Structures are given as C-alpha cells and as structure tokens.
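Novice: no letters, just coordinates:
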C-alpha cells in the first residue's frame, strides 16, 4: 500500500488489503482508508469513498460529494488569492505614493 499511499503517520491502521461488507462499519468510522474489495456494490456507493480505483478497468472515479468539496475548496482558494492580490496592489500603490 505504500506504493499508492505516501508514508503517513498511522496509515497502517487504515489499510485493508481486502475487505467486505461485514467490515463496512469499521471503514466508514475511520478518518480515511485504503481498501481492496471485489464486491461491485462498493463501486456503486460513492458515499463510501472519495476515490474508487478499478484495477481491472484501469479507471479512477471521483465521488460526486468529493468533487463538490474540491470545487468549494478551489473557489475559496481563488477568492483568497484575489483578495491577497488586491491587498498587494493597495500596498504597492501606497508604497509608490509614499516614495513620490
């Protein structure tokens, strides 16, 4: 699992090389996990994961909720970047005016 996940503190407790529906509660209660499954119901339930990698198909699917979360974070980052750029313009203008 270290090939697909960087060495993070406590990651070993959240790696499930193979799991099934009987372990679902443990997965959903953890902060995050990497799990291997063969049951196709996992791929159908995007509320159970953020990213689903289907090795046989060679696909990676992003859950709709995760896409929204990333979009929200991106919107906030853009707003903050714009605010910081405007702030810097004010500082630059004030600095230019003071030196004139």
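Specialist: Structure received. Predicted model only: the values in this text are computed from it and were never measured. Numbering: from 1, shown residues only.
Novice: so in terms of bridging, what pairs with residue 34?
Specialist: residue 15 (DSSP bridges).
Novice: how about the helices in the chain?
Specialist: Assigned helices in the chain, in chain order: 24-29, 41-44, 64-99 (criterion: DSSP state H).
Novice: between those, which one is nearest to residue 51?
Specialist: helix 64-99 (7.2 Å; Cβ to Cβ). Every residue, glycine included, has its C-beta placed from N, CA and C.
Novice: report the distance from that closest one to the chain centre.
Specialist: 22 Å (Cα atoms, centre = their mean, to the nearest Å).
Novice: ok, stretch 58-78 next?
Specialist: 7 Å.
Novice: contacts for it?
Specialist: With contacts defined as Cβ atoms under 8 Å, 6 or more residues apart in numbering, stretch 58-78 is touched by 43, 46, 47, 49, 50, 51, 52, 53, 54.
Novice: just give me the closest of the residues you listed to residue 98.
Specialist: residue 50 (49.2 Å).
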